[in-house]
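**Student:** Provided below for reference: sequence and predicted model.
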Amino acid sequence: MARRKLKVLLVANRGEIALRIIRTARAMGLRTVAVFSEADAHSAHVAAADDARLIGGAPAAESYLNIDSIIAAARETGADAIHPGYGFLSERPEFARAVEQAGLIFVGPRADVMAQLGDKISARKLAIAAGVPVVPGLEAAAPDAACEFAAREGFPILVKAAAGGGGRGMRVVESAEVCVAALEAASREALSAFGDGRVFIEKYLARPRHIEVQFLGDEKGNIVTMGERDCSIQRRHQKIVEESPAPHLSNTARDAMLAAATRLARAAGYTNAGTAEFLVDGDRFYFLEVNARLQVEHPITEIRFGCDLVEEQLKIACGEEIAPPSAPRGCAIECRINAEDASAGFRPAIGIVLDLRVPAGPGVRFDTHLARGSEVTPFYDGLLGKLITYGSDRKQARARMVAALDELAILGVTNTAAFLRDVIASEAFGAADLSTRFIEEQFSHWPSEDQALTEAALIAASLTASGALGIRPTEAAAQLTAADGADRSPWKALGGFELWKRQ
Ligand code: ADP
């Protein structure tokens with residue numbers, strides 16, 4: 001039974017995740033409140049909510065990171081709970097605390113739990129105390145001890161910021177000569193980026209896989225796990241493709257990881273949804289960190305377990321006990337479609353969506369906030385959407401993903417759809433030969449020269465775009481060419497449009 005009644009939910013986020021949370025809240029009969037910056041007045045999440053409040057200027061520091069402004073919006077709109085989504089304030093203990101102090105429900109773990117897990121050093125200590133294996137390393141990286149450790153374990157080692165996140169605050173150290181200088185530089189960088197200069201070191205695993213466990217905890221102290229996700233396909237230590245279950249993972253290793261995640265969550269006194277991340281090397285696994293929030297890649301778990309994780313989060317926040325999850329089925333894959341140029345080091349892109357073709361069909365889900373005319377600005381993370389496919393097995397989920405990526409077209413904003421299509425269709429992905437180095441090993445020279453756009457393909461794309469936009473083909477060609485401000489080559493301006501592949 002719920003101990004607290006929730007009627008109005010404020011979503012302290014933007015983009016696809018705000019929309020996704022609003023949808024669930026509405027289905028549960030809640031009133032929803034969106035918050036938005038000056039750059040997002042016309043965004044889908046604002047239109048979707050029952051009420052909305054402007055919380056500040058376009059830079060995130062003025063709006064989506066502005067705690068006072070968000071709490072004021074919650075007060076004004078009569079909200080009784082705040083869901084932080086992911087990113088922005090979702091893992092800031094001071095935000096969770098401010099929400100609690102305002103007498104509102106924070107949809108996530110308690111502030112003190114978040115503080116302990118958000119600090120990578122204290123999370124590592126907690127894991128050790130809970131009997132969970134950690135990557136060989138040292139919690140305190142005094143230069144002498146660090147160099148001694150590296151000499152014993154072998155280079156390279158990885159220097160990490162205690163307060164790091166999102167792939168930032170990490171530095172690989174290759175040799176003894178640069179060890180001390182690297183530690184000092186890493187600490188300086190951490191201080192300026194996160195306001196906290198503490199660093200620690202880990203052995204840098206050469207070719208690990210990244211596998212994580214989804215768990216839920218309630219106020220009664222129940223912890224349940226909901227399988228694992230393999231997130232090894234990354235660029236710049238950030239995930240771009242995730243799948244569940246993790247291929248080639250033995251049942252013994254899976255069970256051991258689920259048990260380790262449970263021990264850790266219990267030791268932390270965790271409530272709500274969280275994820276324990278591990279690096280896996282052969283049959284051995286090592287704790288990396290806990291993400292004390294909903295993950296971007298949560299839909300692949302939802303699809304396999306037939307549940308809605310946001311609904312679970314809201315129920316837990318109201319004091320309900322978690323029901324044991326149903327047995328997982330099949331396989332699910334997610335591709336993150338980012339506004340980036342995969343042929344130029346994943347350089348961020350911006351632009352206006354000239355046309356949008358959304359894939360559909362059995363086992364296909366596309367979570368996006370975009371519509372024709374949406375503007376992708378430089379202010380926020382460039383996630384345009386998440387394409388998720390389900391299959392009764394990996395082969396079917398993969399085939400559906402290739403077909404869905406072919407169908408997806410986000411015209412006018414350079415994006416990663418074409419790149420991901422080649423990744424998913426590749427033999428290496430088919431064989432599930434996964435590691436965090438997959439992209440640099442297999443796709444560092446993409447696209448190959450024979451994939452370059454021909455003039456014929458540009459003409460074909462222009463004709464299609466002109467039909468979609470109701471303008472002359474010459475104008476469409478000009479718009480396509482000009483759509484990408486950074487690089488005016490027509491091929492890049494096509495964004496995810498795949499006509500060039502089908503000539
Ligand atoms: P963040 O919080 O910044 O995301 P994580 O500690 O979760 O940092 O690590 C992100 C990614 O960095 C991992 O998925 C992996 O690719 C890489 N990584 C982290 N630690 C190690 C390590 N010790 N050895 C090899 N790769 C690592």
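**Tutor:** Everything's here; your move. What you see is a predicted model, and the numbers here were worked out from it, not measured in a lab.

**Student:** which elements pack onto the lengthiest strand in the chain?
**Tutor:** The single longest strand within the chain, with elements called by DSSP state E, is strand 223-235. Judged by 3 or more CB pairs under 8 Å, 6 or more residues apart in numbering; DSSP states H and E, strand 223-235 is in contact with strand 209-217, strand 238-244, helix 251-268, helix 298-305, helix 438-442. The C-beta positions use only the backbone N, C-alpha and C, and glycine is treated the same way.

**Student:** surely Met170 is in a strand?
**Tutor:** Yes - counting by DSSP: H, G, I helix; E, B strand; the rest coil, Met170 is located in a strand.

**Student:** residue contacts, it?
**Tutor:** Contacts for Met170 (CB atoms under 8 Å, 6 or more residues apart in numbering) come out as Leu158, Val159, Lys160, Ala161, Gly164, His237.

**Student:** tell me which element the fourth one falls in.
**Tutor:** Translated: Ala161. Following DSSP states H and E, one finds Ala161 within strand 157-165.

**Student:** circling back to that earlier point, so which of the helices and strands packed on strand 223-235 is nearest the ligand?
**Tutor:** Among these, the nearest to the ligand by CB to the nearest ligand atom is strand 209-217 (3.8 Å).

**Student:** that closest one vs the ligand: in contact?
**Tutor:** Yes - residues of strand 209-217 contacting the ligand under CB under 6 Å from any ligand atom: His210.

**Student:** and the gap between the spatially closest residue to Arg347 that is not a sequence neighbour and the ligand?
**Tutor:** In space, Arg347 comes closest to Asp341 once its chain neighbours are excluded; the distance is 4.7 Å by CB to CB, 6 or more residues apart in numbering. Using CB to the nearest ligand atom, to the nearest Å, Asp341 is found at 22 Å from the ligand.

**Student:** just Arg357 next, same as before
**Tutor:** 32 Å.

**Student:** for Ile17, same thing?
**Tutor:** Applying CB to the nearest ligand atom to Ile17 and the ligand gives a distance of 17 Å.

**Student:** before we move on, what SS does that residue have?
**Tutor:** Going by three-state DSSP: Ile17 is helix.

**Student:** before we move on, the earlier item: how about the longest strand of the chain: buried residues?
**Tutor:** By neighbour count, with 16 or more other CB atoms under 10 Å as the criterion, the buried positions of strand 223-235 are 223-235.

**Student:** which single one of the residues you listed is nearest to Ala404?
**Tutor:** Comparing these against Ala404 with CB to CB places Ile233 closest, at 16.7 Å.

**Student:** pretty sure that closest one contacts Glu440?
**Tutor:** No - here Ile233 does not reach Glu440: they are 10.9 Å apart, not a contact under CB atoms under 8 Å.

**Student:** ok so Pro247 is a strand residue?
**Tutor:** No - with three-state DSSP as the criterion, Pro247 is located in coil rather than a strand.

**Student:** quick check, it in contact with Ser232.
**Tutor:** No - the pair Pro247 and Ser232 fails to qualify as a contact (CB under 8 Å) at a distance of 9.8 Å.

**Student:** which neighbours do these two share?
**Tutor:** Shared contacts of Pro247 and Ser232, defined by CB under 8 Å, 6+ apart, comprise Leu434.

**Student:** show the average pLDDT along stretch 64-72.
**Tutor:** Summarised as a single mean, pLDDT over stretch 64-72 is 98.

**Student:** and that stretch, what's buried?
**Tutor:** Residues Tyr64, Leu65, Asn66, Ile67, Ser69, Ile70, Ile71 are the ones in stretch 64-72 that count as buried (16+ other CB under 10 Å).

**Student:** what pairs with the helix or strand hosting Val33, parallel or antiparallel?
**Tutor:** Using DSSP H and E, Val33 sits within strand 31-37. Applying DSSP bridges, strand 31-37 is found paired with strand 8-11 (parallel), strand 51-56 (parallel).

**Student:** turn the ones you listed into TSV, including distance to the ligand, mean neighbour count and mean pLDDT.
**Tutor:** Shown next, in TSV, are the strands paired with strand 31-37 (distance: least, CB to the nearest ligand atom, whole Å; neighbours: other CB atoms under 10 Å; pLDDT from 0 to 100):
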stretch	distance to the ligand	mean neighbour count	mean pLDDT
strand 8-11	23	26	98
strand 51-56	26	19	98
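
**Student:** Glu38 is nearest to which of these?
**Tutor:** Nearest to Glu38 among these is strand 51-56 (7.0 Å), distances taken as CB to CB.

**Student:** what about the closest residue to the ligand within the stretch 301-450 of the chain, how many neighbours?
**Tutor:** Nearest residue of the stretch 301-450 of the chain to the ligand, counting by CB to the nearest ligand atom: Thr436, 3.6 Å away. For Thr436, the neighbour count with other CB atoms under 10 Å is 20.

**Student:** please apply the same query to Arg236.
**Tutor:** Using other CB under 10 Å, Arg236 is surrounded by 13 other residues.

**Student:** which residue comes closest to it once chain neighbours are left out?
**Tutor:** Among residues not flanking Arg236 along the chain, Gly167 sits closest, at 5.4 Å (CB to CB, 6+ apart).
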